[in-house]
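Below are the sequence and a predicted model for it; my questions follow.
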Number of protein chains: 2
Amino acid sequence: MRMSNGVEWALHSCVTLSQTQEPVPAARLAELHGTPPAYTAKHLQALSRAGIVHSTAGQIGGYTLTRPASEISALEVVRAIDGDEPAYRCAEIRQRGPLGIPAEQCARPCAIARAMAAAQDAWSLALAHISVADLAAAIDADSDGTAMADVRRWLTTARE
Amino acid sequence: MRMSNGVEWALHSCVTLSQTQEPVPAARLAELHGTPPAYTAKHLQALSRAGIVHSTAGQIGGYTLTRPASEISALEVVRAIDGDEPAYRCAEIRQRGPLGIPAEQCARPCAIARAMAAAQDAWSLALAHISVADLAAAIDADSDGTAMADVRRWLTTARE
DNA sequence: ACAACTCGGACATCGCATGTCCGTGATGAG
DNA sequence: CTCATCACGGACATGCGATGTCCGAGTTGT
């Protein structure tokens, strides 16, 4: 079980975008994070499709958050990048083999699938309770309150 | 984020093995579940390495559980097949780019990594509380108490 | 002692994630 | 109003890991 690597970049990008009101181009975010520009842009497009960020074209274009950072959960970002299908996909083994159960008796998911789904729900719930604003605040606290200020400064100075 | 498909087969195999004391060959389990024999054997080897099942060679060989099914958690089985490394692997983005933080200030994991780890812990905890015996009982209940009896009968008659 | 049956690890193959590119459209300047 | 510049958006290669398969080593019963 492995999560897409782009989830990390997307979360960092959202945290960065939460520090400004002006559009930030994908190339700028890639430079700040030290990630491949084209690939970073690809993930931002996924965020755009999911309605988490808004894209502005043109010379002063870029990406902005569509909502306050406190109203964007980490779960939304993860789902936008990694897809919303569950990690465990039941292949309906119970219907196969010499003791296969007819499909009409399989209205409910298999007990194993139910257990895995419950685990996934617990995982989702944990992420749903964390917002982008929470992450930004935690990162700021880790750096004694300088990290986000540095980001804001860098975003403005780089634009000059 | 996608879990290995073999997890399902391994869990079903453990449930089946919980219904008998005698060794069951990998080929027999594959036949019962309608899965590729060689690949099924591969996953059983992983369970063997993890100490969940015990293998017996020779003519009447096969696999048996090493412990009572009530003492084997679904989490153990999942980890044995899918690996025990976390789904989210932090690439330490905070150390990169123009605002990179020196490594000596990164003793604690990044706030984002901590959030993802907490979600993974919730997921693990949910699976740790479910035993193979629980799964067998739930599957039996779904079929009005006939499924496990059918499995036991099939295991003995097929051996004749 | 033999033969049959078992597990165990080493070897191909496929799909998806990763990474990259150019076309399209919009914006600001002249 | 026209044009040049810039940014997004989707379509195109590539690499690695999961999937799937095979044969050899070891053990047991005959």
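Ah, there it is. Numbers count the residues shown, from 1 in each chain, chains lettered A, B, ... in the order given.

low pLDDT regions in chain A?
A:158-160 (pLDDT under 70).

Return the residues of it in contact with DNA strand D.
Residues of chain A lying close to DNA strand D by C-beta under 7 Å from any atom of the strand are A:2, A:25-27, A:38, A:41-42, A:44-45, A:48-49, A:55-59, A:61-63. (Glycine included, C-beta is placed from N, CA and C.)

Show me which of those are buried.
Listed as buried from the residues of chain A next to DNA strand D are A:2, A:25-26, A:41, A:44, A:62-63; burial here means 16 or more other C-beta atoms under 10 Å in any protein chain shown.

hang on, the earlier thing: now, the residues of chain A next to DNA strand D that are in strands?
A:55-56, A:62-63 (DSSP state E).

tell me which residues in the longest helix anywhere in chain A are buried?
Using DSSP state H, we find that the single longest helix of chain A is helix A:111-128. Buried residues in helix A:111-128, counted by 16+ other C-beta under 10 Å: A:111-117, A:119-120, A:122-124, A:126-127.

What of stretch A:140-159?
Residues A:140, A:142, A:147-148, A:151, A:154-155 are the ones in stretch A:140-159 that count as buried (16+ other C-beta under 10 Å).

Which of the residues you listed sits closest to residue B:74?
Residue B:74 lies nearest to residue A:142 out of the buried residues of stretch A:140-159, by C-beta to C-beta, at 34.5 Å.

still on that earlier bit, can you convert the buried residues of helix A:111-128 into JSON lines and add a column each for distance to residue A:77?
What follows is those, written out as JSON lines (distance: C-beta to C-beta, whole Å):
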{"residue": "A:111", "distance to residue A:77": "32"}
{"residue": "A:112", "distance to residue A:77": "29"}
{"residue": "A:113", "distance to residue A:77": "26"}
{"residue": "A:114", "distance to residue A:77": "27"}
{"residue": "A:115", "distance to residue A:77": "27"}
{"residue": "A:116", "distance to residue A:77": "23"}
{"residue": "A:117", "distance to residue A:77": "22"}
{"residue": "A:119", "distance to residue A:77": "21"}
{"residue": "A:120", "distance to residue A:77": "17"}
{"residue": "A:122", "distance to residue A:77": "19"}
{"residue": "A:123", "distance to residue A:77": "14"}
{"residue": "A:124", "distance to residue A:77": "13"}
{"residue": "A:126", "distance to residue A:77": "14"}
{"residue": "A:127", "distance to residue A:77": "9"}
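
coming back round to it: tell me the helices and strands packed up against the longest helix of chain A.
Judged by 3 or more C-beta pairs under 8 Å, 6 or more residues apart in numbering or on different chains; DSSP states H and E, helix A:111-128 is in contact with helix A:74-82, helix B:6-17, helix B:111-128, helix B:132-142.

give me every residue that touches residue A:154.
A:32, B:98-99 (C-beta atoms under 8 Å, 6 or more residues apart in numbering or on different chains).

Tell me the buried residues within the residues you listed.
Using 16+ other C-beta under 10 Å as the burial test, the contacts of residue A:154 include A:32, B:99 as buried.

Please identify which of the contacts of residue A:154 is nearest to DNA strand D.
Nearest to DNA strand D among these is residue A:32, at 13.2 Å by C-beta to the nearest atom of the strand.

Is the closest one within a helix or a strand, and which one?
Residue A:32 is part of helix A:26-33 when elements are defined by DSSP states H and E.

Any part of that helix near chain B?
Yes. Where contact is defined by C-beta under 8 Å from any C-beta of the partner chain, part of helix A:26-33 touches chain B, namely A:31-33.

between that helix and helix A:6-17, how many degrees?
Relative orientation of helix A:26-33 versus helix A:6-17 (axes from the mean of the first three to the mean of the last three C-alpha atoms, to 10 degrees): 100 degrees.

counting contacts, what elements does helix A:26-33 pack onto?
helix A:6-17, helix A:37-49, strand A:62-65, helix A:147-159.

chain center to that helix, what's the gap?
Here helix A:26-33 is found 17 Å from its chain centre; the criterion is C-alpha atoms, centre = their mean, to the nearest Å.

and if you look at stretch A:89-104?
Chain-centre distance of stretch A:89-104: 35 Å, with C-alpha atoms, centre = their mean.

ok so, going back, contacts for the helix holding residue A:32 next, please.
With C-beta under 8 Å, 6+ apart as the test, helix A:26-33 has contacts from A:9, A:12-13, A:16-17, A:36-37, A:40-41, A:44, A:62-63, A:151, A:154-155, A:158, B:93, B:96-99.

Likewise for stretch A:51-69?
With C-beta under 8 Å, 6+ apart, stretch A:51-69 has contacts from A:13-15, A:17-18, A:21-26, A:28-29, A:44-45, A:47-48, A:72, A:76-77, A:80, A:131-133, A:136.

start to end distance for that stretch?
13 Å (C-alpha to C-alpha, to the nearest Å).

what does stretch A:134-148 give?
13 Å.
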